[in-house]
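A.B. asks: Structure of the sequence below:
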Amino acid sequence: MPLAPRMKRLQKRYAAFGSELFRHASNELHFLVSDDARLLSLVEKLRDNGFYLLSITANDEQELEDYCFKLYYLFSHATNDLFLIMKTDTIYTPMFIRQTSTPCAETGQQQR
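C.D. replies: Next comes the predicted model:
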């Protein structure tokens, strides 16, 4: 099956789990997932549809947009040239502690 119809089906299938974000490549889907229940449901659905986890990356984006860490999950399909990238804010993930002020967090500060 050509890639475009397959991607349309995947977009519809996973749209309920989060907001779709802009993507550069035609074989990628990018989603922002905003709560744990949706995150877990999406991961289970991906597994059931032949995707597997390639990597998880944590990124400190406190100074960029919304003052929190981001987690990026990269999934690949087992048999097709398809990738799904999922981004979540740690403010929605209770297993991560969010601190808005931390001793020694400012550049040039030294702990006493």
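A.B. asks: who are the neighbours in contact with residue 87?
C.D. replies: 21, 30-33, 70-73 (CB atoms under 8 Å, 6 or more residues apart in numbering). Just so you know, the C-beta spots here come from the backbone N, C-alpha and C atoms, and that holds for glycine as well.
A.B. asks: Where is pLDDT lowest across these?
C.D. replies: When the contacts of residue 87 are sorted by pLDDT, the bottom entry is residue 21 at 56.
A.B. asks: Confirm residue 62 sits in a helix?
C.D. replies: No - using DSSP: H, G, I helix; E, B strand; the rest coil, the secondary structure at residue 62 is coil, not a helix.
A.B. asks: Next SSE downstream of the lowest-mean-pLDDT helix or strand in the chain?
C.D. replies: Least confident element among the helices and strands of the chain, by mean pLDDT, DSSP states H and E: strand 19-21 (a mean of 57). Following strand 19-21 in sequence order, the next helix or strand is strand 28-33 (DSSP states H and E).
A.B. asks: who are the neighbours of that following strand, in terms of helices and strands?
C.D. replies: helix 3-14, strand 19-21, helix 36-48, strand 83-89 (3 or more CB pairs under 8 Å, 6 or more residues apart in numbering; DSSP states H and E).
A.B. asks: how much space between residue 80 and residue 32?
C.D. replies: Per CB to CB, to the nearest Å, residue 80 is found 23 Å from residue 32.
A.B. asks: okay but residue 78 is in contact with residue 51, surely?
C.D. replies: Yes - the pair residue 78 / residue 51 is scored as a contact, 7.2 Å apart, by CB atoms under 8 Å.
A.B. asks: Sort out which of the contacts of residue 87 are buried, if you could.
C.D. replies: Among the contacts of residue 87, those scoring as buried are 30-31, 33, 70-71, 73 (criterion: 16 or more other CB atoms under 10 Å).
A.B. asks: quick one: which two of the residues you listed are the most distant?
C.D. replies: Taking CB to CB as the measure, the buried ones among the contacts of residue 87 span a maximum distance of 13.7 Å, between 30 and 71.
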